[in-house]
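K.L.:
Here is the input, now give the coordinates:
(one chain, ligands or ions: 1)
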Amino acid sequence: MVTAGPALPDAHRARRVAERVPDPELPMLTLADLGVLRDVETRADGTVVASLTPTYSGCPAMAEMRADVAARLRAAGYARVEIRTVLDPPWTSDWITESGRRKLAEHGIAPPGRAPRGPVPLVLSPTRPAVPCPRCGSRETEETSRFAATSCKALWRCRACREPFEYVKEI
Ligand SMILES: [Zn+2]
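P.N.:
Reported below is the predicted structural model:
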């Protein structure tokens with residue numbers, strides 16, 4: 001039981017706490033890096049309201065993210081916490097920040113390319129831009145599996161350095 005909570009609602013401090021919560025599936029990224037944390041507000045009664053937007057649809061990590069944010073805020077002294085889900089506008093991988101993309105690459109995971117915009121033309125063999133290898137930068141890479149350990153990532157392999165790597169898909 002935390003008793004030494006802040007005397008006044010402090011949305012700025014609450015936001016800093018929520019921002020640092022790691023993503024359950026990409027733990028090198030915080031929810032701020034991922035662009036999942038939309039807003040943190042405080043109400044007059046001291047309730048902290050954190051708004052999250054789910055990433056890949058059906059991502060099972062969402063429930064865990066909500067629970068983690070609530071737990072961190074409570075641990076930081078905010079007794080009343082409400083987690084809201086904001087579905088509109090929908091999250092896209094473009095919301096991953098520059099620092100988030102850098103952290104992914106540092107961990108050997110290729111960050112997503114630009115998300116497709118507007119109506120996606122239906123073609124039989126879409127030409128996918130090559131994903132550069134996060135280790136050596138070569139574009140001589142190929143997809144080996146559409147789904148890695150989690151549905152938001154695909155498995156790729158570099159033909160130059162022969163290393164397999166994960167790639168966060170753009171949506
Ligand atoms: Zn390579």
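K.L.:
which SS class is the residue nearest to residue 110 when sequence neighbours are not counted?
P.N.:
Nearest residue to residue 110, sequence neighbours excluded (CB to CB, 6 or more residues apart in numbering): residue 167, at 4.1 Å. Every C-beta, even on glycine, is put in place using the N, C-alpha and C of the backbone. Per DSSP: H, G, I helix; E, B strand; the rest coil, the secondary structure class of residue 167 is strand.
K.L.:
Kindly report the same for residue 50.
P.N.:
Using three-state DSSP, the structure places residue 50 in strand.
K.L.:
and it, what does it touch?
P.N.:
14, 18, 37, 39, 40, 69, 70, 73, 81, 82, 83, 84 (CB atoms under 8 Å, 6 or more residues apart in numbering).
K.L.:
Now do it against residue 36, distance only.
P.N.:
Computed as CB to CB, to the nearest Å, the residue 50 to residue 36 distance reads 10 Å.
K.L.:
Which members of the contacts of residue 50 occur in helices, if any?
P.N.:
14, 18, 69, 70, 73 (DSSP state H).
K.L.:
Just flag the most distant two among these.
P.N.:
14 and 70 (11.5 Å; CB to CB).
K.L.:
circling back: any of the ones in helices among the contacts of residue 50 buried? List them.
P.N.:
Buried positions within those, assessed by neighbour count (16 or more other CB atoms under 10 Å), are 14, 18, 69, 70, 73.
K.L.:
possible to save those as TSV with pLDDT?
P.N.:
Putting these into TSV (pLDDT from 0 to 100) gives the following:
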residue	pLDDT
14	95
18	96
69	97
70	97
73	97
